[in-house]
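Chemist: Mind looking at a prediction? Sequence and model below.
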Amino acid sequence: MSNRLINWFKFASPQSFYPLAGKMIPWFWALAAIFLIVGLYISFFVAPTDATQGEGYRVIFVHVPAAWMSMFLYCVMAGWAGIGLALNTRLSGMMAQAIAPTGALMAFLSLWTGAFWGKPMWGAWWVWDARLTSALILFFLYIGFIALQAAIDDARRADKAGAILALVGVVNVPIIYFSVKWWNTLHQGASVSIMKSPTMATTMLWGMLIMALAFWMYSIAVILTRVRAIILEREAHTEWVKALPEVRGESR
Amino acid sequence: MKAVIAIIRRDLLLAMRRKSEVLTALFFFIIVTSLFPLGIGPEPALLKKIAPGILWVAALLATMLGLSRLFAPDHADGTLEQMALSPTPLGLLIAGKITAHWLTTGLPLVLLAPVLGIQFDLDTEALGILVLALLLGTPLLSLIGAIGAALTLGVRGGGVLLSLLVLPLYVPTLIFGAGAVEMVVSGLSAAGHLSLLAALLAVAVFFAPWATTAALRIALE
Amino acid sequence: MNWGSAAEFFAMGGYGLYVWGSFGACALLMILEPILVRRRHKNILRILRRERLADTFDNQP
């Protein structure tokens, strides 16, 4: 038991995670490419035209994965933040910091594609729909997290302050979602759901799932690359970084 | 418990000495709510419809004004470090400070809101619910705001950052608070909204001082 | 197969702007982000290499 624990902590140190991440990145890129090709093929050539929404519904093949990833990444970020606070490991804070920009990007993409889906369906670029509104607030939460970390110079303090903010945020996200939904139903806002469409064919669902996998693999690959950069930036003056082959210029 | 009361009394006394801060927030509240009719037009039916939202948003912003000063003076003169070292748990002392903040910014807003509600032609029942909703909601604003204030303590550009962190978290309070008044205005029961607001308050009373304390300890390191 | 010709494919049944607007934005940002992140990694590596070079000069007698 104790042996396993030690092994686990070994990979949790930036020093051993750095080369490990470097080895994993190409694999995740390959997976992302495979899923992306299959997903795009399904979304344009296999999935049939929707009876009510015509071809316009094809936006969901990027909209839904982006929305899922933005929520999922926030939870993962809060998870790393919690681990960082509880166990005081250096890597967790770096992971949380590396996840935030990609999460914000996903939230932005879900807003953008939501607007492009909403324009033909609702006749307006933006409606105060429950999903769109909570996605907007999630985007604000990401921006707040990034801004807080950027404003604090001391990396360790930035990690911990960010961790508390992420944990407070993750408790609030369901409350916000619920409150926005409640608000929306009271005001009889537009609540057309793509997911509950009766014509939702199984091929559409498959397309969405595979595209979501592609987005997921993409996120992992980008986050690992970013965490490698963050590790080097923060540990720049340690011996192990100076001894790295890419720093000594022996390889490449 | 004695220490908590002492903290509240001390903060209240300090606020009395520096009346301008409390008054600034209050006048901000009054001016912002009075600007809306000027921007939108004097049509009574429209104003009545948007009154709950305006009053609540103005209350949110007025609470934000004083937040960055919640811990900053104590941090600057070392009082906060003394508090962290004192035998009384820091969380309790922080809860006392948050209470004092509510008493000096939240409570005046609650008392002033009915007067401003009259400007928007709200009837007595709606005014009553407005006061009740603000009574439940403004402590929530102080509690959540305290977390943000602790996180941005001594940070570059803290004031602007604070609003960026805290305002998204205020969304549920705003929705339920303004919603309660709106329900009454449209002739329905506000009980659902008020009980949700109370539930949020109960959760925040337990967790917010704890999170604030954790954030302050990080700032003090 | 849903499409008779390439033109039909790009028209997306009249929804071309919306479909390509969203797929395009995703493609653009998801190409841009890895490039920026990789540049960040390269940058810090370049700085580290330069510092190391400076160290070796400092240490020469």
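Modeler: In hand now; what should we look at?

Chemist: Show me what from chain B comes close to chain C.
Modeler: On the criterion CB under 8 Å from any CB of the partner chain, chain C has no neighbours in chain B. For the C-beta atoms, the positions are set from N, CA and C on the backbone; glycine is no exception.

Chemist: To clarify, my last question referred to the stretch 51-200 of chain A.
Modeler: A:54-56, A:58-59, A:62-63, A:66, A:101-102, A:105, A:108-109, A:112-113, A:116-117, A:119-120.

Chemist: Only whichever of the residues you listed are buried, select them in PyMOL.
Modeler: To isolate the buried ones among those in PyMOL, judged by 16 or more other CB atoms under 10 Å in any protein chain shown, type:
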select buried, chain A and resi 55+56+58+59+62+63+66+101+102+105+108+109+112+113+116+117+119+120
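
Chemist: and the top helix by length along chain C, anywhere near chain A?
Modeler: If you go by DSSP state H, chain C has its longest helix at helix C:16-59. Yes: against chain A, helix C:16-59 shows contacts by CB under 8 Å from any CB at C:17-19, C:21-23, C:25-26, C:29-30, C:33-34, C:37-38, C:40-41, C:43-45, C:47-49, C:51-52, C:55.

Chemist: For that helix, name the packing helices and strands.
Modeler: helix A:60-87, helix A:90-122, helix A:202-234, helix A:239-242, helix A:245-248 (3 or more CB pairs under 8 Å, 6 or more residues apart in numbering or on different chains; DSSP states H and E).

Chemist: Pull the distance from the third one to the chain's centre.
Modeler: Per CA atoms, centre = their mean, to the nearest Å, the displacement of helix A:202-234 from the mean C-alpha position of its chain is 7 Å.

Chemist: quick one: that helix to helix A:60-87, angle?
Modeler: 40 degrees (axes from the mean of the first three to the mean of the last three CA atoms, to 10 degrees).

Chemist: tell me which strands and helices helix A:202-234 is in contact with?
Modeler: In terms of contacts (3+ CB pairs under 8 Å, 6+ apart), helix A:202-234 is packed against helix A:14-41, helix A:60-87, helix A:90-122, helix C:16-59.

Chemist: average pLDDT for it?
Modeler: The pLDDT scores in helix A:202-234 average 91.

Chemist: Can you list the buried residues in it?
Modeler: Across helix A:202-234, burial judged by 16+ other CB under 10 Å covers A:204, A:206-234.

Chemist: Repeat that for the first one.
Modeler: Neighbour-count burial for helix A:60-87, with 16+ other CB under 10 Å as criterion, is recorded at A:60-74, A:76-85.

Chemist: Let's have the helices and strands packed on helix C:16-59 in TSV, adding distance to residue B:82.
Modeler: Shown next, in TSV, are the helices and strands packed on helix C:16-59 (distance: least, CB to CB, whole Å):
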stretch	distance to residue B:82
helix A:60-87	25
helix A:90-122	29
helix A:202-234	33
helix A:239-242	40
helix A:245-248	46
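
Chemist: closest one to residue B:32 among the helices and strands packed on helix A:202-234?
Modeler: helix A:90-122 (28.2 Å; CB to CB).

Chemist: Report how many residues lie close to the nearest residue to residue C:16 once chain neighbours are set aside.
Modeler: Excluding its sequence neighbours, the residue lying closest to residue C:16 (CB to CB, 6 or more residues apart in numbering or on different chains) is residue C:10, at 5.9 Å. Neighbours of residue C:10 under the rule other CB atoms under 10 Å in any protein chain shown: 11.

Chemist: State the mean pLDDT of the helix or strand harbouring residue C:10.
Modeler: Using DSSP states H and E, residue C:10 maps to helix C:6-11. Across helix C:6-11, pLDDT averages out at 77.

Chemist: That one packs against which elements?
Modeler: Partner elements for helix C:6-11 (3+ CB pairs under 8 Å, 6+ apart): none found.

Chemist: Can you mark which positions in it are buried?
Modeler: Applying 16+ other CB under 10 Å to helix C:6-11 flags residue C:11 as buried.

Chemist: Same question for stretch B:41-59.
Modeler: By 16+ other CB under 10 Å, the buried positions in stretch B:41-59 come out as B:47-48, B:50-59.

Chemist: With stretch C:35-47 instead?
Modeler: C:37-38, C:40-41, C:44-45.

Chemist: Just the residues contacting it, thanks.
Modeler: A:222, A:225-226, A:228-229, A:232-233, A:236, A:246-247 (CB atoms under 8 Å, 6 or more residues apart in numbering or on different chains).

Chemist: so the longest helix of chain C versus helix A:90-122, what angle?
Modeler: 160 degrees.

Chemist: Measure how helix C:16-59 sits relative to helix A:14-41, angle-wise.
Modeler: 160 degrees.

Chemist: what's the distance between the nearest residue to residue B:144 once chain neighbours are set aside and chain C?
Modeler: Nearest non-adjacent residue to residue B:144, counting by CB to CB, 6+ apart: residue B:169, 5.1 Å away. The gap separating residue B:169 from chain C is 27 Å, by CB to the nearest CB, to the nearest Å.

Chemist: Quick check, pLDDT for residue B:119.
Modeler: Residue-level pLDDT assigned to residue B:119 equals 85.

Chemist: just residue A:49 next, same as before
Modeler: So residue A:49 comes in at 76 (pLDDT).

Chemist: I'd guessed it sits against residue A:201; true?
Modeler: No: using CB atoms under 8 Å, residue A:49 is not in contact with residue A:201, being 10.2 Å away.

Chemist: on that earlier part again, could you dump the helices and strands packed on helix A:202-234 to a markdown table with mean pLDDT?
Modeler: Below are the helices and strands packed on helix A:202-234 laid out as a markdown table (pLDDT from 0 to 100):
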| stretch | mean pLDDT |
| --- | --- |
| helix A:14-41 | 91 |
| helix A:60-87 | 91 |
| helix A:90-122 | 90 |
| helix C:16-59 | 88 |
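
Chemist: Tell me the residue of chain C that sits nearest chain B?
Modeler: Nearest to chain B in chain C, going by CB to the nearest CB, is residue C:40, at a distance of 21.8 Å.

Chemist: how close does residue A:183 get to residue A:79?
Modeler: 29 Å (CB to CB, to the nearest Å).

Chemist: scratch that, residue A:154
Modeler: In terms of CB to CB, residue A:154 sits 23 Å off from residue A:79.

Chemist: Spell out the residue ranges of the strands in chain B.
Modeler: Here chain B has no strands by DSSP state E.

Chemist: just checking, what's the longest helix in it?
Modeler: Every helix in chain B considered (DSSP H), the longest is helix B:191-220.

Chemist: how about that one, does it reach chain A?
Modeler: Yes: Helix B:191-220 reaches chain A (CB under 8 Å from any CB) through B:196, B:200, B:207, B:211, B:214-215, B:218-219.

Chemist: interface residues of chain B facing chain A?
Modeler: B:147, B:151-152, B:155-158, B:161, B:164-165, B:167-169, B:171-172, B:175-176, B:179, B:182, B:196, B:200, B:207, B:211, B:214-215, B:218-219, B:221.
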